[in-house]
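K.L.:
What shape does this take:
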Amino acid sequence: MNSTSDTANDLRNICNTVCKTPKSDCYNNCYNDDCHITNYQNGCVPYQQCHKPQRYDPGICYFTSIITPLSDIKPDYSGCTGSVEFRMRRKNKTVTLQWESFTGTIVSIGIDKLTVVQSICNTPPYKIYFPIMVKMGGDSVNAHIVIDPYQPNNKGNIFFKIPKTTNENTIIEIYASCVSWIVD
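P.N.:
Now for the predicted structure:
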């Protein structure tokens, strides 16, 4: 077994996964040890600049969900336009739910809560409220997230309660945060 040949092949494979570009020759133009530098100079964009790196997070469950009645949802981190990334972790008897910052437009009049369509398990033993910050129409205001274990599963059991009813086409930004609770 030739270790030099294996190393060169490994470097080519790494380069091919690290570089992403509209140029079709970037993926296959990796024939030297400094391929990532050469390809970057030729117009390749490192893969890390196109996609968020995956991390090893034991015990964390990732899920994305749409938020109703929002339209034009733009998340800050995940890049999954139209939905928001949530992370949930249970360690011993403590559950933590975290979400990324996102913006969206409320197209209805009189809305006082936003519903996360995805229901979760490991809910608290009773309804909990946790204060969060939101930006509505350019003003930062206090709001809260509600985790409701008694909501029917098909209705969603995570809500962002906003402090005032909305007008048509209100732009809202929900800042990233997390909430924890204890389960039985």
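K.L.:
Quick check: the gap between the residue nearest to residue 109 when sequence neighbours are not counted and residue 174.
P.N.:
Using C-beta to C-beta, 6 or more residues apart in numbering and skipping the chain neighbours, the partner closest in space to residue 109 is residue 168 (5.3 Å). For glycine as for every other residue, the C-beta is placed from the backbone atoms N, C-alpha and C. As defined by C-beta to C-beta, to the nearest Å, residue 168 lies at a distance of 19 Å from residue 174.
K.L.:
Could you check which of these two is surrounded by more residues?
P.N.:
The residue with more neighbours, out of residue 168 and residue 174, is residue 174; 26 against 11, by other C-beta atoms under 10 Å.
K.L.:
Test my guess that that one contacts residue 100.
P.N.:
No. The criterion here is C-beta atoms under 8 Å, and residue 174 misses it with residue 100 at 9.1 Å.
K.L.:
and residue 122, that's in a helix?
P.N.:
No. Counting by DSSP: H, G, I helix; E, B strand; the rest coil, residue 122 falls outside a helix, being coil.
K.L.:
give me the number of residues near it?
P.N.:
16.
K.L.:
That one is in contact with residue 96, isn't it?
P.N.:
No. Residue 122 sits out of contact with residue 96 when judged by C-beta under 8 Å, with a separation of 10.2 Å.
K.L.:
who touches both of these two?
P.N.:
88, 90 (C-beta atoms under 8 Å, 6 or more residues apart in numbering).
K.L.:
buried ones in stretch 175-184?
P.N.:
For stretch 175-184, burial by neighbour count (16 or more other C-beta atoms under 10 Å) applies to 176, 179, 181.
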